[in-house]
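Visitor: Predicted model follows, preceded by the sequence.
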Amino acid sequence: MALKATISLRQKQRLAVTQQMQQSVAILGMSNTQLTEFLREEQTENPLLDLTEPQIASLSHGSKQSPVDIIADTLAERETLIAGMVRQLNAVVAPTTTRKAAEIIISNLNSHGFLDEPLDGLAKANKLPIADMEKALDLVQSFEPPGVGARSFMENIELQLRNNGVWSNDFEKLLQHLSYKRSHSSGLAAKLKMSERHINEMISAIRSLSFRPSDILEDDTAFQTIPDVLFQTTPKGEISVSLNEQAFPRLQPESAYLEGSLTHEKDVKEYLNARLQRVKWLRRALEKRAATILRISIAISEIQIGFFKTGPLAMKPLTRAEIATKLEIHESTVSRAIANKFFTCDTGTFPMQYLFSPAVTLANGHTISTTVIRARIRRFIDAESPKHILSDIKIAEMLNQEGIVVARRTIAKYRGDMNVPTSSIRRIQKRNK
């Protein structure tokens, strides 16, 4: 069969994605910090771009300040670490007494993340049972950065090793004997009856850790979580949704250049006009980004009204596809709009993704959010007795009695997601107190 070349015409439709369309999509998915950096780069190339950067300001709910609020307001150099602790404390479900004790512990952390004050002294000074302080310390020590809340260098190392999942009896023995010829692994190996290679591996693991919890923070903004969206409960019990305008960068044309452009030569006028059109497009892109975030946030508030009023136990199952269908937009638009964004409400400050969770079907056919299951697991563990630590199987049985059928491995996964140690570790921790 002979081959020959032919020429034919074919007509088809294709969506051409322009550079501006690509940038508009990218801008929607940026955090305000990333967006500000992007606009700074634009500013270096565009003399007409006048950038107003976000104003970093703390937000609080209610008129009464806790010890944490007071410390965060008055000690600027500790604001990032304290803010990170407060954010994480607000994200967990804990008894009121434990939460109060945790606030006291957080407000007494030094600038390196260590707790210098003895627990019994804090308990006595604040008229709280020592058991509540101990439970609160366990909670604080489960937060990021690993090692925070440690009362000594050794405890800091232990907490970090536990966080890395490598803590063992061998590490415990090594830490107890680090002062014994610690520069000679052979001496430690003989003393501890371990191989020299194993000793060197453990010492290498310890050397890779941070000697102070605060050293893990790479920069001053590591823990600064500035909310993009504000969900507030009105006196009538309704949920008001608004953008935190101070957190959004803003643009306006530089008036000095615009006035001067009237007398410039033709090539200069063309250059300035091109730069002006770029500023106008960027402003429209920012306005569209803000409008999209607000529109999606309002739609979420209509579904998750129970969460905003009462907390995580009232969270409903929700997917990005449901919001996309409700607003008649693409699911990827929802994903980009909530990516790298945070919100604040009466319960605390959270990532926008927190409002989305898959559904689990109950025995009665109803569905429940996985966030609710996590909250119930946390509540069971917070209430457990030191003499009766709950295993994952026991927690699964307790949930099963409530009609929530969850496998043991699922409990283990959810517990790990919340940085809650295993029952054996919790038993050892409470036995040593």
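Guide: That came in fine, so what should we check first?

Visitor: from here on, contacts and neighbour counts on C-alpha atoms
Guide: Noted.

Visitor: Spit out the contact partners of the residue nearest to residue 338 when sequence neighbours are not counted.
Guide: Spatially, and ignoring its direct neighbours in sequence, residue 338 is nearest to residue 352 (5.5 Å; CA to CA, 6 or more residues apart in numbering). With contacts defined as CA atoms under 8 Å, 6 or more residues apart in numbering, the neighbours of residue 352 are 338-343.

Visitor: how about the residues you listed in CSV, adding pLDDT, distance to residue 171 and neighbour count?
Guide: Converted to CSV, those look like this (pLDDT from 0 to 100; distance: CA to CA, whole Å; neighbours: other CA atoms under 10 Å):
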residue, pLDDT, distance to residue 171, neighbour count
338, 90, 42, 25
339, 85, 39, 16
340, 81, 38, 18
341, 89, 40, 21
342, 90, 39, 19
343, 92, 41, 23
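
Visitor: CSV for those residues, including secondary structure?
Guide: Below are the contacts of residue 352 laid out as CSV (DSSP: H, G, I helix; E, B strand; the rest coil):
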residue, secondary structure
338, helix
339, coil
340, coil
341, coil
342, strand
343, strand
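
Visitor: Farthest-apart pair in those residues, please.
Guide: 339 and 343 (11.6 Å; CA to CA).

Visitor: possible to save the contacts of residue 352 as CSV with distance to residue 48?
Guide: What follows is those, written out as CSV (distance: CA to CA, whole Å):
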residue, distance to residue 48
338, 30
339, 30
340, 28
341, 29
342, 31
343, 32
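
Visitor: Name the nearest of those residues relative to residue 99.
Guide: Using CA to CA, those come closest to residue 99 at residue 343, 21.2 Å.

Visitor: Looks like that closest one contacts residue 232 (just checking).
Guide: No. Using CA atoms under 8 Å, residue 343 is not in contact with residue 232; the gap is 10.5 Å.

Visitor: any idea how far residue 307 is from the residue positioned nearest the centre of the chain?
Guide: Most central in the chain under CA atoms, centre = their mean is residue 351, positioned 5.9 Å from the mean C-alpha point. Using CA to CA, to the nearest Å, residue 351 is found at 14 Å from residue 307.

Visitor: cool, and residue 159?
Guide: From residue 159 across to residue 307, the span is 33 Å (CA to CA).

Visitor: still on that earlier bit, now do the contacts for the nearest residue to the residue nearest to the centre of the chain once chain neighbours are set aside.
Guide: Distances taken as CA to CA, 6+ apart place residue 342 nearest to residue 351, at 4.3 Å, with adjacent residues excluded. By CA under 8 Å, 6+ apart, the residues touching residue 342 are 225-229, 349-352.

Visitor: how about a cut-off of 10 Å?
Guide: When contacts are counted by CA atoms under 10 Å, 6 or more residues apart in numbering, residue 342 touches 31, 225-230, 349-354.

Visitor: now, which of those sits nearest residue 131?
Guide: Using CA to CA, the contacts of residue 342 come closest to residue 131 at residue 349, 27.9 Å.

Visitor: Pull out the buried positions in stretch 271-283.
Guide: In terms of neighbour count (16 or more other CA atoms under 10 Å), stretch 271-283 has its buried residues at 272, 275-276, 278-279, 282-283.

Visitor: If you could redo that for stretch 194-211, that was the one I meant.
Guide: Using 16+ other CA under 10 Å as the test for burial, stretch 194-211 gives 196, 199-200, 202-203, 206, 209-211.
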